[in-house]
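Participant: Sequence first, predicted coordinates after that:
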Amino acid sequence: MSTPVVLISEQEIQTRVSELADRISEDFADARELVLVGVLKGSFIFLADLARRLTIPRTIEFIAVSSYGSGSKTTGAVRLVMDVRGNIEDKHVLIVEDIVDTGHTLKYLIGMLESHRPASVSTCALVRKAERAEVDVDVDYLGFDIGDEWVVGYGLDYAEQNRTLPYIGVVTPDD
Ligand code: PRP
């Protein structure tokens with residue numbers, strides 16, 4: 001893998017995360033509680049920064065999914081590996097993703113969480129590869145639209161490497 005080339009700087013990310021946190025805090029100002037559901041593993045850094053900047057009552061849950069087989073990204077089949085632990089019935093839920101690529105994972109998660117009968121399900125993603133979309137899924141709170149490049153950092157990995165970079169960088173994968 002090549003050395004990451006900065007695409008979105010640490011400062012740009014931090015500014016955008018603050019803006020998203022302000023909007024979310026405003027939109028849910030009247031909610032008793034907002035349940036942030038982080039999608040493992042990639043969302044853990046974004047979720048940590050976002051959650052600490054909210055000014056409304058919030059709780060944290062995690063969920064884990066995995067794609068079926070190696071052809072998963074083309075079949076779009078998603079499997080639940082770990083469900084939320086707490087009861088989200090009648091609560092406002094915000095799914096927090098690092099990246100939306102084809103959209104299959106987010107679409108699956110919305111349906112899955114809706115089956116828990118929450119008060120609402122909203123979506124938040126730091127980055128989205130709009131041109132890769134295979135399904136129509138709304139991202140209510142979006143950080144950045146990016147091109148179809150392999151990105152690492154701020155939670156995102158390539159073969160588990162570079163997740164903890166403070167910025168988002170582009171790499172060229174090895175063949
Ligand atoms: C990434 C990302 C989303 C999913 C998006 O997870 O965190 O969950 O892929 O892809 P989609 O829009 O095509 O469904 P990944 O499989 O890389 O796992 P990780 O977060 O554990 O690295």
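Facilitator: It's in.
Participant: so residue 113 sits right up against residue 93, yeah?
Facilitator: Yes - between residue 113 and residue 93 there is a contact under Cβ atoms under 8 Å: 5.7 Å. For glycine as for every other residue, the C-beta is placed from the backbone atoms N, C-alpha and C.
Participant: Of the two, which one has the most company?
Facilitator: Neighbours per residue, other Cβ atoms under 10 Å: of residue 113 and residue 93, the larger number sits with residue 93, 23 against 20.
Participant: Could I get the full set of helices for this structure?
Facilitator: Using DSSP state H, the helices of the chain run over residues 10-27, 44-53, 72-75, 104-114.
Participant: Return the per-residue confidence for the spatially most central residue of the chain.
Facilitator: With distances taken as Cα atoms, centre = their mean, residue 97 lies nearest the centre of the chain, 0.6 Å away. Among the per-residue scores, residue 97 shows a pLDDT of 98.
Participant: what's the closest non-adjacent residue to it?
Facilitator: Counting by Cβ to Cβ, 6 or more residues apart in numbering, residue 125 is the residue found nearest to residue 97 once chain neighbours are left out, at 4.3 Å.
Participant: So in terms of bridging, what pairs with the one you found?
Facilitator: residue 97, residue 142 (DSSP bridges).
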